[in-house]
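In: Quick check, what structure comes out for this input:
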Amino acid sequence: MTSAATPTCGCFRALLERQGYRELAAAQLFSSGVALAPTLDEKQMLARHCLDELEHFEVIATELEDQGGGELLSRVTPAVAALPTVESWLEMVAVGILFDRAVYHQLRAYAAAPDARVAALAVRVIADEQEHIAASQAALRDLGRREPDFVHRLVAAVDRWLPASLACFDDETPPACGAGPHVSVEARNLALRTYREGLSELLVPEGVPQGRFAG
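Out: Numbers count the residues shown, from 1 in each chain. I've put the predicted structure just below:
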């Protein structure tokens, strides 16, 4: 690990800041869902997921400080605060499927990065994400069986949250860097394509139009 006295390039620090935003945003979203969850088990599940994401954020923030990038929390908090407010349990479930899945797939792209630091960091924080996604999918199936006006409300939630979720993916063309490449554009494109395909497979059978996931 590089010390703060020998900082690395700004591209790597910017990547850490982007990932820190994703982790803190997921933590805030899971936290906001605790009050909306209909059962104690689901409240406890979201609270655990929030703690997982905060632990991930701590890993990223510590790495950024070690790389000479300074304190992270105050820099990403305004962007996290600008996210929409989750207003119902169904919307919270959709957020878990859309936003958290996007974070997971971007991490998978980082795990294939040519920069060993990026890949190692992704491996450290990716482990919990599949459990979060599985829990959201199970909750969606339950809601589909009993929630009135389910399809209309699910489509509205997708329309509200898909843009913020897609924004979790890095730009297709990373900035040129003499110390790079830090990431794999091919891995990023594959992750985005897999994300869209996974949403389509899960949500089109629930009534969400296929066109929502075209890219």
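
In: Let's check: the centremost residue of this structure is which one?
Out: By Cα atoms, centre = their mean, the mean C-alpha position of the chain lies nearest to residue 103, the distance being 2.5 Å.

In: How confident was the prediction at it?
Out: What the model reports for residue 103 is a pLDDT of 94.

In: Is it in a helix, a strand, or coil?
Out: With DSSP: H, G, I helix; E, B strand; the rest coil as the basis, residue 103 sits in helix.

In: which one is it nearest to, not counting chain neighbours?
Out: The shortest distance from residue 103 to any residue other than its chain neighbours is 4.7 Å, reached at residue 22 (Cβ to Cβ, 6 or more residues apart in numbering). C-beta here means a position set from N, CA and C on the backbone, and glycine is covered the same way.

In: heading toward the C-terminus, what's the first helix or strand past the helix or strand hosting the one you found?
Out: Using DSSP states H and E, the element containing residue 22 is helix 10-34. Note on helix 10-34: by DSSP H and E, the next helix or strand toward the C-terminus is helix 40-66.

In: Using neighbour counts, pick out the buried residues of the helix or strand hosting residue 197.
Out: For residue 197, the host element (DSSP H and E) is helix 185-203. By neighbour count with 16 or more other Cβ atoms under 10 Å, helix 185-203 contains the buried residues 187-188, 191-192, 195-196, 198-200, 202-203.

In: now stretch 172-183
Out: Of the residues in stretch 172-183, those buried by neighbour count under the rule 16+ other Cβ under 10 Å are 174, 182-183.

In: shaky segments in this protein?
Out: Low-confidence segments of the chain (pLDDT under 70): 1-8, 128-132, 144-145, 147.

In: rerun that using 90 as the cut-off
Out: Across the chain, the ranges flagged by pLDDT under 90 are 1-11, 49, 67-69, 124-151, 172-182, 206, 215.

In: Against residue 94, how distant is residue 202?
Out: 11 Å (Cβ to Cβ, to the nearest Å).

In: Could you pull out the residues contacting both of those two?
Out: residue 140 (Cβ atoms under 8 Å, 6 or more residues apart in numbering).

In: my guess is the residue nearest to the centre of the chain contacts residue 20, does it?
Out: No: at 11.5 Å, residue 103 does not count as touching residue 20 under the criterion of Cβ atoms under 8 Å.

In: Pretty sure residue 140 sits against residue 95.
Out: No: the pair residue 140 / residue 95 is not scored as a contact, 11.1 Å apart, by Cβ under 8 Å.

In: Of these two, give the one with the bigger neighbour count.
Out: Between residue 140 and residue 95, counted using other Cβ atoms under 10 Å, residue 95 has the larger neighbour count: 25 against 20.
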